[in-house]
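K.L.:
What follows is a predicted structure for the sequence shown.
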Amino acid sequence: MDKIEKNIIDLSVVVPIYNEAPIIPELIDRLHASVSPLGLNVEYILVDDGSQDTSLAQLKFFAQKNAALRYISLSRNFGHQIAIMAGLEHCQGKAVVIIDGDLQDPPELIPKLYEQYQQGFKVVYTKRIHRKGESLFKKVTAKLYYRFLRTITRVNIPTDSGDYRLIDRQVVSALLLMPEKHKYLRGQIAWIGFKQTFVPFERDIRKIGKTNFTVRKMVRFAWDGVTGFSDLPLKLATVFGFWVSLISLFIIIYALLSYFLWQKAVPGWTSQIISSTFIGGIQLLTIGIIGEYIGRINSQVRNRPLYIISDTNFEQDLEKKRYEN
Ligand code: UDP
Ligand code: MG
């Protein structure tokens, strides 16, 4: 695709899809109904993140009927953030909306996001005022986590806000320049800066299917947010180490004094056990924290491609260009 054509897309809508087959017809319907009144030149980029159901077949079916619909199928499940990245790397719009494919993010909000964009905002994120149908556990942990992240990082990551947002082409370009392999887009976008605002909304319940985020995935993702934007855990290791060593020093002095001066050797092994397990615990903890960071350095050094495409209706030369870069 050449430059001239590149400039004519006003809005790209990037949607990650993982096993969402039953909802895809409604998704495409509602996206279309919400965006077309804007009268823009739009492209929809639906990224199939290695779905095991018929999602890809559905996307292909709708792509035949709708020329604005592009699909990218990844060769396996790479995860939500990477699926979004695949969309961002391929989109051409002057503005880009990132929206979940399960309709928990209402597409009807897109015109409001676009309105703010036209007012000059480069990032228009959405803020959930209600999270219908989500477990108390998820609500509470999410709330605590974002408050925590805010206090330990220097970037101002908005609370109660997911990836549903509109970003300007300038922000997309900046995102594509950021080399980290562990993506934490809402943090990265906060880091990039520019003029930002938000639109509040009520997050719908998931009507079909269930969340793809297990507690395990949530914890990994939460760690990516922490390690990507804060060195506090590493510093904590040092602080722990310092205090434990200091306390140990007093214990050692006490033990020596009782042996040599007071002539009464400490008889019990209880204190031994307590101190050695305590120190052992602190050591494992701090080694673990260091390991987490080294793991991330390691994947950065490996420098593998973020994802592999198995099928797409994007033009071949566009694809080739991506691999040549
Ligand atoms: N998703 C994806 N890859 C994954 C997991 C999820 O592309 O490995 C998509 C999923 O289809 C949905 C969006 O990312 O469109 C958000 O996922 P989900 O609804 O499971 O997350 P939650 O809303 O519970 O945070
Ligand atoms: Mg969801």
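P.N.:
Perfect, thanks for sending it. Ligands and ions are numbered 1, 2, ... in the order given.
K.L.:
any idea how far the residue of the chain most remote from its centre lies from residue 257?
P.N.:
Going by C-alpha atoms, centre = their mean, the residue of the chain most distant from its centre is residue 263, 61.2 Å out. Residue 263 sits 10 Å away from residue 257, going by C-beta to C-beta, to the nearest Å. C-betas here are computed from N, CA, C, even on glycine.
K.L.:
Likewise for residue 233?
P.N.:
36 Å.
K.L.:
the more surrounded of the two?
P.N.:
Counted by other C-beta atoms under 10 Å, residue 233 and residue 257 do not tie: residue 233 has more neighbours, with 18 against 11.
K.L.:
Next up, the contacts around the more buried one.
P.N.:
By C-beta atoms under 8 Å, 6 or more residues apart in numbering, the contact set of residue 233 is 226-227, 289, 292-293.
K.L.:
after whichever strand or helix holds it comes which helix or strand?
P.N.:
Under the criterion of DSSP states H and E, residue 233 resides in helix 232-260. Toward the C-terminus, helix 232-260 is succeeded by helix 270-302 as the next helix or strand (DSSP H and E).
K.L.:
Buried residues in that next one, which are they?
P.N.:
Applying a neighbour-count criterion of 16 or more other C-beta atoms under 10 Å, one finds 275, 282, 286, 289, 296 buried in helix 270-302.
K.L.:
which secondary structure elements does it contact?
P.N.:
helix 215-229, helix 232-260 (3 or more C-beta pairs under 8 Å, 6 or more residues apart in numbering; DSSP states H and E).
K.L.:
Worst mean pLDDT among those?
P.N.:
Lowest mean pLDDT within these: helix 232-260, a mean of 77.
K.L.:
Any idea how far that helix is from the middle of the chain?
P.N.:
Distance of helix 232-260 from its chain centroid, counting by C-alpha atoms, centre = their mean, to the nearest Å, is 38 Å.
K.L.:
cool, stretch 140-157 as well?
P.N.:
With C-alpha atoms, centre = their mean as the basis, stretch 140-157 stands 14 Å off its chain's centre.
K.L.:
So for it, what gets flagged as buried?
P.N.:
Across stretch 140-157, burial judged by 16+ other C-beta under 10 Å covers 142, 145-146, 149, 153, 155, 157.
K.L.:
Which member of those residues is positioned nearest ligand 1?
P.N.:
Ligand 1 has its nearest neighbour among those in residue 142, at 9.1 Å by C-beta to the nearest ligand atom.
K.L.:
The helix or strand harbouring the closest one near ligand 2 at all?
P.N.:
Using DSSP H and E, the element containing residue 142 is helix 136-152. No. On the criterion C-beta under 5 Å from the ion, helix 136-152 is out of touch with ligand 2, staying 10.6 Å away.
K.L.:
what's whatever helix or strand comes next after that helix packed up against?
P.N.:
Sequence order places strand 165-168 as the next helix or strand after helix 136-152, per DSSP H and E. With contacts taken as 3+ C-beta pairs under 8 Å, 6+ apart, strand 165-168 sits against strand 95-98, helix 110-118, strand 123-131.
K.L.:
Name every strand pairing with strand 165-168 and say which way it goes.
P.N.:
strand 95-98 (antiparallel), strand 123-131 (antiparallel) (DSSP bridges).
K.L.:
ok, so what distance separates the spatially most central residue of the chain from residue 77?
P.N.:
Using C-alpha atoms, centre = their mean, the residue of the chain that lies closest to the mean C-alpha position is residue 184, 3.5 Å off. The spacing between residue 184 and residue 77, counted by C-beta to C-beta, is 18 Å.
K.L.:
cool, residue 192 as well?
P.N.:
Distance, residue 192 to residue 77, using C-beta to C-beta: 27 Å.
K.L.:
Those two: who's more crowded?
P.N.:
The neighbour comparison of residue 192 against residue 77 (other C-beta under 10 Å) goes to residue 192, with 20 against 16.
K.L.:
Okay then, goodbye and thanks.
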